[in-house]
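Colleague: I would like the atomic coordinates for the input below:
(3 chains)
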Amino acid sequence: MSIFKKEFFERSTLKVAKDLLGKFLVVQHPTLDKKAYMITEVEAYDGPHDKASHAHRGKTARNEPMFGEAGVWYVYLVYGMHNMLNIVTGDDGYPAAVLIRGVQPLSNQVAKLTKLDGPAKITKFLKIDRKFNNKPATLKTGLWIEDLGVKIKKSQIKSSPRIGVNYAGEWKDKKFRFFLKSNVR
DNA sequence: GGAGTGATGACA
DNA sequence: GTCATCACTCCA
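Modeller: Residues are numbered from 1 along each chain as shown, chains lettered A, B, ... in the order given. Now for the predicted structure:
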């Protein structure tokens, strides 16, 4: 059981995205027990040139966390009702983040807890909202990432174009989405 | 296929 | 100040 440090997130966004698969999102609510969810699907948003990234149009009040230090949560609202959970990667000043799209509860937890297979379902279910925005994921703030020793083989990782970014021109076809083979939907 | 929902960014 | 857009989900 080891919490991830900043150095993990300071590497290339694509590497971080792939390495996050099979790691665990740990949630600690004030009133509930600690729970861990395995990350099964992520997307990378890398750099100022990525048209699908919020950072593409430059630094704004909303995407400011993406430009900041690695290992910080970037949580924002889309479509008026959906919170999106991202973790900032890359060096300070380089806008990049990994969107967490899918997680799966540990098998010994509530069985009927359905697989959380959409980015907004995760945040809704785990009660993640913008109060986590700009908070470090490298401290036990209530939401962080741990390695619980699950080994992921390279052959289990699949990639595809990202979802919901069809406006992004040539960037929409980049295979920046990574997911575990057993969790294809 | 289409509605819902509201923060955000662009423009004036 | 207004207006269009949006890294989505749900119901049909």
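
Colleague: what's the longest strand in chain A?
Modeller: strand A:35-46 (DSSP state E).

Colleague: tell me how far the strand or helix carrying A:V26 is from the chain's mean position?
Modeller: Assigned by DSSP states H and E, A:V26 belongs to strand A:24-27. With CA atoms, centre = their mean, to the nearest Å as the basis, strand A:24-27 stands 11 Å off its chain's centre.

Colleague: mind checking pLDDT for the residue lying farthest from the centre of chain A?
Modeller: Largest separation from the mean C-alpha position in chain A: A:T31, at 24.0 Å (CA atoms, centre = their mean). If you check A:T31, the pLDDT there is 77.

Colleague: go on, A:Q104?
Modeller: Confidence score, pLDDT, at A:Q104: 88.

Colleague: where does the prediction get shaky in chain A?
Modeller: Applying pLDDT under 70 to chain A flags the ranges A:1, A:107-115, A:182-185.

Colleague: what does it put close to DNA strand B?
Modeller: A:54, A:57-58, A:60-63, A:76-81 (CB under 7 Å from any atom of the strand). Glycine gets a C-beta too; all of them are placed from N, C-alpha and C.

Colleague: so how far is the next helix or strand after the longest strand of chain A from its chain's centroid?
Modeller: Downstream of strand A:35-46, the first helix or strand assigned by DSSP H and E is helix A:64-67. Helix A:64-67 sits 14 Å away from the centroid of its parent chain (CA atoms, centre = their mean).

Colleague: also stretch A:130-139?
Modeller: On CA atoms, centre = their mean, the centre of stretch A:130-139 falls 12 Å from the chain's centre.
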